[in-house]
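Asks: Requesting a structural model of the entry that follows:
(one chain, ligands or ions: 2)
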Amino acid sequence: MTVNLLDFDLEGLAAWCETLGEKRFRATQLFRWIHQRGASDFESMTDLAQALRSKLSANASVKALSVVSEHTSADGTIKWLFDVGGGNAVETVFIPEDDRATLCISSQAGCAVGCRFCSTGAQGFSRNLSTGEIVAQLWYAEHELKRRMGRTERLISNVVMMGMGEPLQNYQALVPALRVMLDDHGYGLSRRRLTVSTSGVVPMIDRLGQDCPVALAVSLHASNDTLRTDLVPLNRKHPLPELMRACQRYLAHAPRDFVTFEYCMLDGVNDSPSHARELLSLLQDVELGVACKVNLIPFNPFPQSGLVRSPAARVQAFAEVLQDAGIVTTTRKTRGDDIDAACGQLAGDVQDRTGINRRRVLHKPIMMALTGASAGATKVED
Ligand code: SAH
Ligand code: SF4
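Replies: Ligands and ions are numbered 1, 2, ... in the order given. This next block holds a predicted model:
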């Protein structure tokens with residue numbers, strides 16, 4: 001069994017190089033070959049001594065994920081479905097815009113949190129991705145697209161951990177992956193342009209603030225505990241007061257001076273003007289309030305969810321309550337509609353079309369890729 005070098009941040013790679021009897025600085029060269037130049041063939045790493053190249057070929061590999069499918073939208077959004085083995089697949093979405101290029105990455109196959117409005121939640125948890133599998137999504141997208149475009153300079157400027165899974169329930173694999181993304185010898189992302197989105201795993205929000213502070217998005221979706229527990233079952237364990245205090249603590253370490261709250265707009269469930277006012281009171285509460293921006297996400301329906309997207313006028317009215325009180329509130333644009341890729345949708349039987357076990361695969365972005373639903377490409381405001 002060879003070691004997958006995508007599993008290592010630079011520190012880990014240096015320690016591993018030492019076990020081969022190599023100086024630590026060799027790890028920096030190797031790391032740059034892999035992450036800056038997209039190399040996977042050790043023989044092409046011409047500034048490494050032949051003896052080292054041979055040792056690497058014998059002991060290590062750069063393990064890419066295999067692509068099950070790729071869909072490109074007229075607006076340039078690209079979605080890949082990657083096979084992660086054992087009947088599992090995860091999706092990655094590339095979202096180009098005028099001033100940035102964002103990659104939306106998955107952290108788990110399935111998800112154990114079980115939010116009512118999310119098809120990943122409906123499908124249950126399959127397994128955590130390894131660091132290498134998280135990093136491989138960026139490694140592939142960055143270098144494959146650079147090759148296609150004939151570019152040499154960095155392409156992906158922003159990463160959002162908003163694909164399949166709850167990143168803070170895969171903390172051990174997540175943090176080294178974030179470090180690879182941040183490293184100047186790796187992808188050189190700024191902490192402000194790397195966002196972890198969480199449904200509210202409070203102890204891990206604190207740890208992330210200590211270990212690797214990046215931009216934080218919190219999936220709120222409700223203005224009180226009763227409603228939130230119904231929509232996001234994790235709320236029973238970590239209710240709103242606890243979550244809001246964790247956000248306050250996080251801001252002491254964060255690269256941005258606000259938290260982004262995501263709020264999925266569900267018709268007749270959480271989208272009334274009184275919900276908006278209740279949310280406003282929470283956000284402005286003297287004890288619990290936190291500096292924030294709010295991102296409203298029109299719900300992308302999937303069969304059996306029993307939920308419906310809020311009408312645009314209701315989303316607008318909700319936004320205005322917050323905006324009138326001075327809270328920056330945006331409504332998430334859906335990208336890639338023409339290739340039907342929207343966040344949270346589940347339609348049709350995937351197994352028939354891909355041969356991949358539906359129960360373990362199906363999640364929002366994946367579904368879009370496979371079935372033509374639209375994967376509400378995810379964008380977080382700068
Ligand atoms: N598990 C993390 C990150 C992945 S989900 C989290 O929950 O934050 C990323 C975003 O997609 C979350 O804000 C979630 O609310 C949203 N989402 C999930 N299902 C959706 C659906 N059916 N329609 C719209 N947004 C959805
Ligand atoms: Fe998991 Fe996030 Fe979906 Fe909730 S919204 S089930 S936490 S992926």
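
Asks: residue contacts, Leu138?
Replies: Applying CB atoms under 8 Å, 6 or more residues apart in numbering, one finds that Leu138 lies in contact with 103, 105, 156, 159, 180-181, 187. Backbone N, C-alpha and C define where each C-beta goes, glycine included.

Asks: Narrow those residues to those that are buried.
Replies: Burial by neighbour count, judged by 16 or more other CB atoms under 10 Å, picks out 103, 105, 156, 159, 180-181, 187 from those.

Asks: Make TSV out of those residues and add pLDDT, secondary structure and distance to Pro96.
Replies: Putting these into TSV (pLDDT from 0 to 100; DSSP: H, G, I helix; E, B strand; the rest coil; distance: CB to CB, whole Å) gives the following:
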residue	pLDDT	secondary structure	distance to Pro96
Leu103	97	strand	10
Ile105	97	coil	16
Ile156	98	coil	10
Val159	98	strand	14
Val180	98	helix	22
Met181	98	helix	18
Tyr187	98	coil	16
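
Asks: right, and out of those, which lies closest to ligand 1?
Replies: Checking the buried ones among the contacts of Leu138 against ligand 1 by CB to the nearest ligand atom gives Ile105 as the nearest, at 9.8 Å.

Asks: Which SSE is immediately downstream of the helix or strand harbouring Leu81?
Replies: Using DSSP states H and E, Leu81 sits within strand 78-85. Scanning forward in sequence from strand 78-85 by DSSP H and E, the next helix or strand is strand 88-96.

Asks: That following strand and ligand 1, any residue contact?
Replies: No. Shown here: strand 88-96 not in contact with ligand 1 (CB under 6 Å from any ligand atom), separated by at least 11.0 Å.

Asks: Which positions within that strand qualify as buried?
Replies: 88-96.

Asks: Now do that strand: which elements does it pack against?
Replies: strand 78-85, strand 101-104, strand 108-110, helix 131-149, helix 358-361, helix 364-371 (3 or more CB pairs under 8 Å, 6 or more residues apart in numbering; DSSP states H and E).

Asks: what residues does the protein put near ligand 2?
Replies: The chain has residues 111, 113-115, 118, 120-121, 165-166, 199, 219 near ligand 2, with proximity defined as CB under 6 Å from any ligand atom.

Asks: Which ones among those residues map onto strands?
Replies: Judged by DSSP state E, strands contain the following of those: Ser219.

Asks: What strand or helix carries the nearest residue to Thr260 once chain neighbours are set aside?
Replies: Spatial nearest neighbour of Thr260, excluding adjacent residues (CB to CB, 6 or more residues apart in numbering): Ala217 at 4.2 Å. Taking DSSP H and E as the criterion, the element that holds Ala217 is strand 215-219.
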